[in-house]
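> Predicted model follows, preceded by the sequence.
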Amino acid sequence: MVVIGREEATGATTRLGHYRARDGSRGAPVDVDVDRPHIGLVVGKRGSGKTYTLGVLAEGLLAAEGVAPVVADPMGAFTPLETADVPATVVHPRVRADALDPRQWCTVLGLDPERGAGALVWRAASECATLDGMRSWVADVDAVASTARAASNHLALAASWDIFDAAGIETETLCSDSLTVLDMSGLASRPAGAVLAAVATALYDVRMAEQTCRLPWFLIDEAHAFTDGVARRPLRRLVTRGRQPGVSCVLATQRPSAVPATTVSQTDLLVAHRLTSTADIDALHAAHPTYLDGDFAARLPETTGDALVVDDGTESVHHVTVRERRTPHGGETPRASDIGAGRE
Ligand SMILES: Nc1ncnc2c1ncn2[C@@H]1O[C@H](COP(=O)(O)OP(=O)(O)OP(=O)(O)O)[C@@H](O)[C@H]1O
């Protein structure tokens, strides 16, 4: 058995799959280290198996000791786990208003913090811990009526997202040993970004403050949707500095070229499924030039579920077939023929 992500021979691992021989036959088992923190990137074009691979990893983390797995699920692909026979909790995430700092409030509402409504929202977020408090503060503030009205309208929009409440997600929920699935399937990109920003910050802070002994693993599907906007800074901090306090992060994306180069270069585990876009292939190649020399594109797999795995720690590249999942996968793209099949 080979373990990806570590140099020494001890510590917990989880099965990722098997080596794929040149003739397609199955070789030795391949595990991934889950003992130490890692920054992972799972890439591949649509339908190549990214979400499935994230699910394989989530299953492995569920069985591991001492970790707290959390999945950001923008497509609802992990919600079937709620009814599977595994310790998974699906939550419609709500976060505290003060989980976002004043600058993030302006970003998430698309306001310039220097001027007008943005400056008012900034002050409201500095003064108040809850969204209701911010709305009351704006209603009472001595400001130009049109500016106050604009700020009030933006905060009403934030309230309509239904993601802010005074309690927010409990740290105990996020850091439990069961899998926490943040079901973000009903959320538009701004509220989804706000949730991601708040959770990324909470996971980092909780470890910095030594409030949990478990090591969080934050798995983020469709990660390119969050690398811009309000989640950009918290995500960058998690990826660049999270390992030190013990937070792992695994990003899955079909568009590695849309992920900042600094993020791609921070990954110590790269799982590359089938990719055809030159820009995406170049983005990976640029971030890992040492191990991805030669004709990287030609080495990428053709078949769904197959992957080229790059282990930065041991500076090695592995051809792997990801194993089948034990729990239901909800990432299937709907087909018109599904409807046809149900007709009389
Ligand atoms: N390792 C695997 N073993 C068996 N089947 C797999 C494997 N990986 C993927 N599949 C199959 O391929 C389908 C597509 O995989 P998946 O939903 O993970 O793709 P994706 O890359 O996340 O696509 P999208 O970008 O559209 O979200 C899955 O529904 C599953 O049936």
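That came in fine, so what should we check first? Numbering: from 1, shown residues only.

> buried set for the strand or helix carrying Leu235?
Secondary structure assigned from DSSP states H and E places Leu235 in helix 232-241. Applying a neighbour-count criterion of 16 or more other CB atoms under 10 Å, one finds 232-236, 238-239 buried in helix 232-241. Yep, even glycine has a C-beta here, placed from its N, CA and C like the rest.

> show me what contacts the spatially most central residue of the chain?
The structure's the chain has its C-alpha centroid closest to Ile220; by CA atoms, centre = their mean the separation is 1.6 Å. For Ile220, the contact set (CB atoms under 8 Å, 6 or more residues apart in numbering) comprises 71-72, 196, 226, 235, 249-252.

> Could you do Leu54 as well?
42, 71, 219, 221, 250, 252.

> Most neighbours among these, please name it.
Within the contacts of Leu54, Val42 tops the neighbour count with 32 neighbours, counted by other CB atoms under 10 Å.

> ok, that residue to the ligand distance?
Going from Val42 to the ligand by CB to the nearest ligand atom, to the nearest Å gives 8 Å.

> For that residue, pull up the helix or strand it's in.
Applying DSSP H and E, one finds Val42 within strand 39-43.

> Run the chain-centre distance for that strand.
10 Å (CA atoms, centre = their mean, to the nearest Å).

> and that strand, what other elements does it pack with?
In terms of contacts (3 or more CB pairs under 8 Å, 6 or more residues apart in numbering; DSSP states H and E), strand 39-43 is packed against helix 50-63, strand 248-253, helix 261-266, strand 269-272.

> Following the chain onward from the strand or helix carrying Ser126, which element is next?
Remark: Ser126 resides in helix 116-127, with elements defined by DSSP H and E. Heading C-terminal from helix 116-127, the first helix or strand you meet, by DSSP H and E, is helix 131-140.

> and the two most separated of the contacts of Leu54?
Val42 and Val71 (12.4 Å; CB to CB).

> Is Ala287 in contact with Val264, as I believe?
Yes. Using CB atoms under 8 Å, Ala287 is in contact with Val264, at 3.9 Å.

> Could you give the number of residues near Gly110?
Counted with other CB under 10 Å, Gly110 comes out at 12.

> Quick one: classify it as helix, strand or coil.
Assigned by DSSP: H, G, I helix; E, B strand; the rest coil, the conformation of Gly110 is coil.

> For it, give me its contacts.
Applying CB under 8 Å, 6+ apart, the residues contacting Gly110 are Arg190.

> can you offset everything so residue one is 46?
Renumbered: residue one is now 46, and that last one reads Gly155.

> re earlier: and the helix holding Ser171, what does it pack against?
helix 147-153, helix 176-185, helix 190-205.

> Output that helix in CSV with nothing but the alpha carbons.
The C-alpha coordinates for helix 161-172 follow below in CSV (Å, rounded to 0.1, in the frame of the first residue of the first chain):
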residue,chain,number,x,y,z
GLY,A,161,-22.7,56.9,1.2
ALA,A,162,-24.7,53.8,2.1
GLY,A,163,-21.4,51.7,2.3
ALA,A,164,-20.0,54.0,5.0
LEU,A,165,-23.2,53.7,7.0
VAL,A,166,-23.2,49.9,6.7
TRP,A,167,-19.6,49.9,7.8
ARG,A,168,-20.4,51.9,10.9
ALA,A,169,-23.5,49.8,11.6
ALA,A,170,-21.4,46.6,11.4
SER,A,171,-18.8,48.1,13.8
GLU,A,172,-21.5,49.1,16.3
